[in-house]
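Participant: what follows is a predicted protein model with its sequence.
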Amino acid sequence: MTPNSRRSRHAARAAGLATAVAVAATAGAAGGAPRQVGPLQPVIGNDSPAWSPDGSTIVYTSFRHGLGELYAVAPDGRGERRLTDHAAHDDQAAWSPDGTRIAFVSSRNGNPEIYVMRADGADQRRVTRSPAREYYPTWSPDGRRIAFQSDRTGRPQVFAIDADGTNEAQLTTHALSSGRPAWSPRGPIAFSSNREGSFKIFLMEPDGSDVRRLDRSASHLAELEPAWSPDGGRLAFVALRDPPIGNQEVYVVDADGGGTRRVTAYWGRDVSPSWSPDGRIAFTRGPSAFRAEVWVVNADGSALRQLTTTAVQWQVVRPAATPARPAAGRRFTLTAVVAEPTGDPVERAALTCRARVDGRALRAAVRRWQPARATCAWDVPRGTAGQTLRFGFEARAGRSGVSHVQRLVVR
C-alpha cells in the first residue's frame, strides 16, 4: 500500500468523526450552543484565539483546568498568563478596538452570558442578562456597543447592547438562524445565516438594515465564522467545501465579495480565525471540537506555525500480537491503534520498538508508524522456547505520548 493510499484510508476513517463534528459545529453556529460537552467527551487543548489590536497579545481559551479559562500569550509563545479563574466555563474572547477591554462568554451565572473585563483580567462584570444563551461577542468600531448571538427567540439571532449593559436591540429577525456576528472597523456587521439554505456570510448595517449576501458565487456548502481584517478590507471565514467530507478550512475574501482564496489545508478542523494588525491569522486546528491547538499563519497560507501545545497521555487501543504467542525462530509482530483520550486519532508520532528475551535485547525488524497505528516486529531467536519475551513500544510527538509493554512466554 502506498503512503498516499494509506493516508486516504486514514482520512476516510477519520471523516466519520470529522463529519459528526462539522455537523455539531454548524449546528452550534446556527443553534447557539457549540461545544456542549458531556463527562465522557473531554475537551483537550486550546482554542478560540483573539489577537489584540496592537498585535502584542493573543488571548485564547485553555481547557487545562477542565472547563475553559482565558489565557493570554505573546505571539511568539512567551509570557503566558491566566486572565480568568472561575469554576464555570469562560470562552470566546473579543478585544475592544482600543485594546483596553475584553468581552467574553461565561456560564458563571448558570447559562452563557456576555461579560467584559479589563485587558489584564480585572474588573470582570456581566453585560447581558437573559435566561437564554449568548455567544460570540464583537465590538463596534467606537467601542461603545457589543453585538452577539442569542437564542432567546427560539432560533439564533444577532443582538447588540451597550458595553454597560443598556440599550439592547435585536438586529436580525429572519425566521431562520443568524449568528456569529463580526463588526467591521468600517461599520457593517458580518454574520452567518442559513436563510438561503446552507449557511452563508451576510452583511448588514449596525441597525440591522440593508442585509445582503457577501458572495453569491460561493459554493453551496456552509460558510461560517466571519472575522474582519483590521482595516476592514478583507474577511476571514470558515468553509466546509474541501474533502474529506466535514473538513473545515480557513478562507479569506475581499470585503466586496471578490478574490476568495483558501488559507489552510488540513484534513480535520481549522476554525475560529482572528487577524493580527499586520495581516496574519491566528486560528484553531484539530481533528475535532474536542481536541485543538492555536496556530498562526500568514493570510496567503505561508509561515504556518503552532502557537500552543498541550501534553496529552495517549491511549493504546486494541493491541494485537501475531502470532498470538511468540515462537522461537519466527517473526513476532505487535500492532496497536493509538488515540487521544477524546477518541481522536494520532496523526503523527515518533515510534520506538523494544523487545528483550530474558534480558537479551532484540533489534526491531519492522518499525512503522501509520496514522493512528503502531507496528513493531522482531525475529525471535531460535532456542528461546520457554523464555519470557518482554516487548512493546513508545510513541511520542512533542510533549504527548504513550508507552505500552507486554510479556509472553516463547513457545
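Facilitator: Received it, and whenever you're ready, just let me know what you need. Numbers count the residues shown, from 1 in each chain.

Participant: quick check: residue 298 touching residue 280?
Facilitator: Yes. Applying C-beta atoms under 8 Å, one finds residue 298 in contact with residue 280, separated by 5.6 Å. All C-beta spots, glycine's among them, are computed from the backbone N, C-alpha and C.

Participant: higher neighbour count, those two?
Facilitator: More crowded of residue 298 and residue 280, by other C-beta atoms under 10 Å: residue 280, with 17 against 14.

Participant: any idea how far that one lies from residue 236?
Facilitator: Distance, residue 280 to residue 236, using C-beta to C-beta, to the nearest Å: 11 Å.

Participant: joint contacts of these two?
Facilitator: residue 299 (C-beta atoms under 8 Å, 6 or more residues apart in numbering).

Participant: can you give me the buried ones in whatever helix or strand residue 408 lives in?
Facilitator: Under the criterion of DSSP states H and E, residue 408 resides in strand 400-409. For strand 400-409, a neighbour-count test (16 or more other C-beta atoms under 10 Å) marks 400-402, 404 as buried.

Participant: farthest-apart pair in those, please.
Facilitator: Farthest-apart pair in those is 400 and 404; separation 14.5 Å (C-beta to C-beta).

Participant: read off the pLDDT value for residue 408.
Facilitator: As predicted, residue 408 sits at a pLDDT of 97.

Participant: and it, what is it in contact with?
Facilitator: Taking C-beta under 8 Å, 6+ apart as the contact definition, residue 408 lies against 321, 325-326, 388-389, 391.

Participant: 7 Å - rerun?
Facilitator: 325-326, 389 (C-beta atoms under 7 Å, 6 or more residues apart in numbering).

Participant: low-confidence ranges in this structure?
Facilitator: For the chain, applying pLDDT under 70 flags the ranges 1-41, 218-220.

Participant: tell me the domain ranges of it?
Facilitator: Per the record, the chain has its domains at 3-306, 315-409, by automatic domain parsing.

Participant: need the winner for burial among those domains.
Facilitator: Compared across the domains of the chain, domain 3-306 shows the largest average neighbour count, a mean of 19 (mean count of other C-beta atoms under 10 Å).

Participant: residues contacting the helix or strand harbouring residue 161, please?
Facilitator: Element membership for residue 161 (DSSP H and E) is strand 157-162. Residues outside strand 157-162 that contact it (C-beta under 7 Å, 6+ apart) are 127-128, 144-150, 167-173, 178-179, 181, 191.

Participant: next one: whichever helix or strand comes after that strand to chain centre, how far?
Facilitator: Going down the chain from strand 157-162, the next helix or strand is strand 169-170, by DSSP H and E. Strand 169-170 has its C-alpha centroid displaced from the chain centroid by 30 Å (C-alpha atoms, centre = their mean, to the nearest Å).
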